[in-house]
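**Student:** Show me the folded form of this:
(chains A, B, C and D, ligands or ions: 2)
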Amino acid sequence: MADVVTTTPPSQAKPARLDPHRLRADFPILATLNRFGKPLIYLDSAATSLKPLTVIEAVDGYNREYSANIHRGIYEMAERATASYEETRVKVARLINAPHPREIVFVRNATEAINLVAYSWGRHNIGRGDSIVLTEMEHHANLVPWQLLVQEKDGDLEFVPVTDDGLLALEVYEALLHLRPKLVAFTHVSNMLGTINPVRQLTEMAHAAGALVLIDGAQAVPHVPVDVQEIGADFYVFSGHKMLGPTGSGALWARAELLEAMPPFMAGGDMIREVHLRRSDWNEIPYKFEAGTPDISAQIGMGAAADYLMSIGMDAARDYEQELVRYALDVLPREVPGIELYGPAAEYRGGVVSFNLPGIHPHDVAQILDRSGICVRAGHHCTMPLHERFDLAATARASFNVYTVPEEIDALAAGLRDVVRIFNR
Amino acid sequence: MADVVTTTPPSQAKPARLDPHRLRADFPILATLNRFGKPLIYLDSAATSLKPLTVIEAVDGYNREYSANIHRGIYEMAERATASYEETRVKVARLINAPHPREIVFVRNATEAINLVAYSWGRHNIGRGDSIVLTEMEHHANLVPWQLLVQEKDGDLEFVPVTDDGLLALEVYEALLHLRPKLVAFTHVSNMLGTINPVRQLTEMAHAAGALVLIDGAQAVPHVPVDVQEIGADFYVFSGHKMLGPTGSGALWARAELLEAMPPFMAGGDMIREVHLRRSDWNEIPYKFEAGTPDISAQIGMGAAADYLMSIGMDAARDYEQELVRYALDVLPREVPGIELYGPAAEYRGGVVSFNLPGIHPHDVAQILDRSGICVRAGHHCTMPLHERFDLAATARASFNVYTVPEEIDALAAGLRDVVRIFNR
Amino acid sequence: MDDLYRDYILEHYRHPHNFGVLETPTASYEGSNPLCGDRITMMLGISDGIVREVAFTGRGCAISQASASLLTDEIKGKTVEEVERMTPEDVLDLIGIDISPARLKCALLSLDTVAHALADDAAEKTESGGPASGSSPK
Amino acid sequence: MDDLYRDYILEHYRHPHNFGVLETPTASYEGSNPLCGDRITMMLGISDGIVREVAFTGRGCAISQASASLLTDEIKGKTVEEVERMTPEDVLDLIGIDISPARLKCALLSLDTVAHALADDAAEKTESGGPASGSSPK
Ligand SMILES: Cc1ncc(COP(=O)(O)O)c(C=O)c1O
Ligand SMILES: Cc1ncc(COP(=O)(O)O)c(C=O)c1O
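**Tutor:** Ligands and ions are numbered 1, 2, ... in the order given. Below is the predicted model:
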């Protein structure tokens, strides 16, 4: 990962240790209390992250001061809105080290980005008998769009299995590549197991087999340094709301040649060059893929989030979250007898810990934790096939971000002991 | 429109005269000054509307106080977010008198709503030789998606012409219906001419010919009472950001039977019931069409906007804006010699006035007006075919909303006199 | 301490009543709540329009299991019509604790599954023209 | 009063230089800026690598028309290489007023159109193997 340091801005270069207690002051919500008067212990960052003040104010500032439409306005307020919106493209490109901001297409979320690729690239490049390789650990967002595509085109899906340790079975991957798939799509970081996949290696192997590579970075961009050039990916997608930004923001990055060759996905205003009654032609990239009035306020907010993450430094964020996971994997089994943990060892994972208490349904776990102000998620976390793989009906999941502190993991452990006590009384 | 009164909530029933000067206090942006120290005279509401404080605070409140993901969380904050998000569905259903909130599908904007229908309904119902009837006054959003669809399916587009007065040529419409189109799609209010189309009549005629009807309400919902049941429409679409709501919000309304029969558009989390590696089935409507984390903050903001509009009363809003148009159509030709105005007489139109000054390009008009703090739009307003129809390269457009006051139209007239003076000096 | 997880709820969860299978149910249905992975199979033995036997199997959270346990006790011996008339409120009254919106689906899964079983049964009888069982399909 | 609409800009707009058609241009191109409906056709008469004649037609805003008028004056007599080296900044300097971002496309339409005309011309010559005209296509 040495490249990352040299190709990213200075703020990311110094891996200064992150001070979460200082950062917490930037998140107004952390000062609120729940209905039982308990402070918020937010351990559901993999579902969506909290938002720092700079992001909240970027959205609010647009709504209060310059809420104009973009691109077509000649007056001052519209120019300001256009400039802020386009600056986000620059910031996001810098965050993931994309070669050029015009390779950043704004979307609502990672899900829309994947659907965009499936509809636009997929419907023109996948035909009968073509195969797409996915993995068993994909979020539904990186599975169901491909199911629809191969159903329509009579193509095939193949799946890289997940080992009992929660890692991808690389030897099977290698074998599947002999099928010469057109596309390989996998998650950078698993939202259930926390597994950080070896994306560079997976990408190189796919390219050697002649496949394009789409990486689902929804759980990576907020947590680990991402350098799309170093990875060598073709498509990289993520959601703003998981990286400290607002809901409604997100991005698809793709190499310019790919975007240029792809037909539009949605059609309407702003994505056209000329429209006649019976034919139209398209605007240049990325605008070809941004039909209609975009979510200007949210994308501006995502720009502020990218700035915030870069000011922390993604190396520091990754190091810190790995400390947290290490701590959680140490404390929870010790303090909560019988707890079952899923996922790989700390060195292979991001800030996600899924677990179960024996004989207690995760819904009940989450509900009781809520009384102590502790927010965890319970269910299948949009990874039903992965739950099937481990023969689990559901799990509870604690997930972290830069504002999480070890004290909150202690609180979780104490909360879980309460759950056990209530159920065993 | 007597039905509207009886089927809408009491707040909408009393057509109390609207007091724009009082309303203006609700819009913080109207208190700001431009870089020349001039107050904002915002006459570009058809591009996007300003936002009242209640909307700004609804978004900000979510971001600051309960920024959780929805539907899958058991903890308090997630339940609050889910409840606010779902309340918007109820409010929006009430605003357009939809029979049931589950018929409201949340989208980013009107453009996405139309693309959703074109992809999901269109690709399964339009085949070779099937025709779709549109009009010459459609926004690109209600034209280009249908071009893509008929190109793919080898169908046909037919167009209802626009008369010199800016109205739809009903006798040609009648003739086109003999082709027995599968779908008729038209705008409720034209964003360039301001024409308010006789949507109920158009819909009845289409239904009599066996066609389904999609209505583009982007310029209607903010300005006139809309009652989808009274109109009898099948699909009705609009954008939140034009109806005082945030960017990123919008809705598709469709009859439940249609939504239920339609396959999904985008796929991913939350729109599924069960997912296996090779097959999935879908959640109930409207969730089947809302893949991934939606724009929670924006949709909550749109709920506040719907409340705001209902508290004004849409009859009052329509009456007031018609007064404004009448005033503008009277003042501008009198005060600005040589000005060319486009569009029908005041009784057929909403708060939109497109115009040109002889020999002066609308871009120059808009730029010079900006110096006086006056925001108008210049260009083709995403209606290139309509501009071609009138043999216009571009127009300038002033458009109103409930916060517009006659004094601003006076300022526009004075500004236009300045433009003429500068160009003729 | 925790008003949701009262002793009797946990008691029903740990030792649900009517948990098991019927050898020859006249109606049965498998309901699921995929969001949480809850799954319940309801089996009914109906004769002369009366629910004479009832059993369920499945897995789920304390709320859904306790609700199934309480509901099966309640409907045994009732006429099909009476069971069909049961509302979500009736089930919530049975459970007797405040259920938050996110848990409603858990609490109501058992009723939903019973309703499906009865509807299927009714549809089958109408189709096959079999002997009227006293149930009035709607 | 208005620094954008200086007298000389309006003068060029009202009476653009080199407005008209060339009977036999060696290179020409129609450029457009669909956002505002501006459209310009640039016609060049090149021989021995020098732009000897230039004319344009079209419609557009004051900024795009004045820029075309000023640019055509500027390039007449220059070598093709010199013209190819011209940058957006050069054109903005020619115009001599501050152009806001939203109007950049208007101001640069003429340069863009000239560049396209030259590129097409060069491509044609390369393709047809015609006599080198001194232009070095890149
Ligand atoms: C009539 C009409 N339809 C559709 C649209 C598209 O709206 P949006 O850009 O919010 O999708 C607009 C907005 O410009 C419009 O005026
Ligand atoms: C790995 C992964 N991919 C995709 C998604 C989908 O993100 P969104 O709902 O923002 O589209 C998620 C979020 O849950 C995720 O964790």
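**Student:** give the contact list for the residue minimising distance to the centre of chain C.
**Tutor:** Nearest to the mean C-alpha position of chain C, by CA atoms, centre = their mean, lies residue C:110 at 3.7 Å. Neighbouring residues of residue C:110 by CB atoms under 8 Å, 6 or more residues apart in numbering or on different chains: C:31, C:40, C:42, C:56, C:64, C:67, C:68, C:71, C:72, C:91. For the C-beta atoms, the positions are set from N, CA and C on the backbone; glycine is no exception.
**Student:** Return only those of the residues you listed found close to chain B.
**Tutor:** Among the contacts of residue C:110, no residue is within reach of chain B (CB under 8 Å from any CB of the partner chain).
**Student:** most neighbours, which of those residues?
**Tutor:** Within the contacts of residue C:110, neighbour counts (other CB atoms under 10 Å in any protein chain shown) peak at residue C:68, which reaches 33 neighbours.
**Student:** coming back round to it: quick check: closest non-adjacent residue to the residue nearest to the centre of chain C.
**Tutor:** In this structure, residue C:110 finds its nearest non-sequential neighbour in residue C:68, 3.8 Å apart by CB to CB, 6 or more residues apart in numbering or on different chains.
**Student:** so where's the chain shaky on pLDDT?
**Tutor:** Using chain A. For chain A, applying pLDDT under 70 flags the ranges A:1-15.
**Student:** hm, I was asking about chain C
**Tutor:** For chain C (pLDDT under 70), the answer is C:1-2, C:127-138.
**Student:** make it 50
**Tutor:** Low-confidence segments of chain C (pLDDT under 50): C:1, C:129-138.
**Student:** Excluding residues flanking it in the chain, which one is nearest the residue of chain C found nearest ligand 2?
**Tutor:** In chain C, no residue comes nearer to ligand 2 than residue C:35, which is 13.9 Å away by CB to the nearest ligand atom. What sits nearest to residue C:35 in space, not counting adjacent residues and going by CB to CB, 6+ apart, is residue A:379, at 5.6 Å.
**Student:** quick one: buried residues of stretch A:232-250?
**Tutor:** Going by neighbour count (16 or more other CB atoms under 10 Å in any protein chain shown), the buried part of stretch A:232-250 is A:233-250.
**Student:** hang on, the earlier thing: element containing the residue nearest to residue C:110, please.
**Tutor:** Taking DSSP states H and E as the criterion, residue C:68 maps to helix C:62-75.
**Student:** Give me the helices and strands touching the next helix or strand along the chain from that helix, please.
**Tutor:** Next helix or strand after helix C:62-75 toward the C-terminus (DSSP H and E): helix C:80-84. Applying 3 or more CB pairs under 8 Å, 6 or more residues apart in numbering or on different chains; DSSP states H and E, we find helix C:80-84 packed against strand C:50-59, helix C:104-128.
**Student:** chain center to the helix or strand following helix C:80-84: distance?
**Tutor:** Per DSSP H and E, the first helix or strand lying C-terminal to helix C:80-84 is helix C:88-95. How far helix C:88-95 lies from its chain's middle: 12 Å, per CA atoms, centre = their mean, to the nearest Å.
**Student:** quick one: helix C:88-95 to helix C:104-128, angle?
**Tutor:** 120 degrees (axes from the mean of the first three to the mean of the last three CA atoms, to 10 degrees).
**Student:** Now do the buried residues in helix C:88-95.
**Tutor:** Within helix C:88-95, the residues that count as buried by 16+ other CB under 10 Å are C:91, C:92, C:94, C:95.
**Student:** What residue, apart from its backbone neighbours, is nearest the last one spatially?
**Tutor:** What it means is residue C:95. residue C:67 (5.5 Å).
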